[in-house]
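> here are the coordinates; sequence isn't available:
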């Protein structure tokens, strides 16, 4: 079973922000990642998404024989590190969801440790993926940035079934050049609350809904 990169990032970033910005939440123990639910919905409703997902799966299948010939556990595989720029959009309404720059940076560092298999993670049971993440240093217009973008909006209390695109439109950067991460106060859906975060699979790449959404 393949674990898509976007799902892995969703889970690890969610863990990072929850660890770095803990606050008592009713039902927090039942929080879950809503990626599977949204992916199934998109496959059913969006022909372009379904086609893009199928093409990606076919491409991954062609890589399987190549992967089996490279021993990543011993470092002999022909890996080249790729660093992906991240922009963290903090959607807040003046509450505790307005996390600090330091907390956002620490979450990115935690993510890097996970993908490099260092620090908290046990090097004996994994490998360095050679994938790294950094806060963006330039805006889409070429101006200097910290990679952290703050927007005050009532959409920080999000219903992802109805508000997803409206919330992302507040601050979206080009999804073909950045990983967009939105941090909000609460995520609910038509099925209830308790959503820790969600991300669409690579079939969404470049689309307006592309990106990762997490509770602060």
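The structure has been received and is ready for your questions. All figures in this text were calculated on a predicted structure; none of them were measured in a lab.
> ok, how many other residues are close to the residue nearest to residue 154 when sequence neighbours are not counted?
Nearest residue to residue 154, sequence neighbours excluded (Cβ to Cβ, 6 or more residues apart in numbering): residue 93, at 5.9 Å. C-beta: built from backbone N, CA, C; applies to glycine. Residues lying near residue 93 (other Cβ atoms under 10 Å) number 15.
> residue 93: what's it in contact with?
Taking Cβ atoms under 8 Å, 6 or more residues apart in numbering, we find residue 93 in contact with 152, 153, 154, 156, 157, 185.
> spit out the contact partners of residue 177.
By Cβ under 8 Å, 6+ apart, the neighbours of residue 177 are 85, 140.
> separation between it and residue 162?
28 Å (Cβ to Cβ, to the nearest Å).
> which parts of the protein are strands?
32-33, 82-92, 131-135, 148-152, 157-159, 179-184, 186-188, 195-199, 212-215 (DSSP state E).
> right, and those - which one's nearest residue 206?
strand 179-184 (11.3 Å; Cβ to Cβ).
> just the angle between that closest one and strand 148-152, please?
40 degrees (axes from the mean of the first three to the mean of the last three Cα atoms, to 10 degrees).
> what about residue 183, how many residues nearby?
Residue 183, neighbours per other Cβ under 10 Å, totals 27.
> with residue 89 as the reference, measure out to it.
7 Å.
> same deal with residue 55?
Counting by Cβ to Cβ - residue 55 and residue 89 are separated by 29 Å.
> out of those two, which sits in the more crowded spot?
residue 89 (22 against 12).
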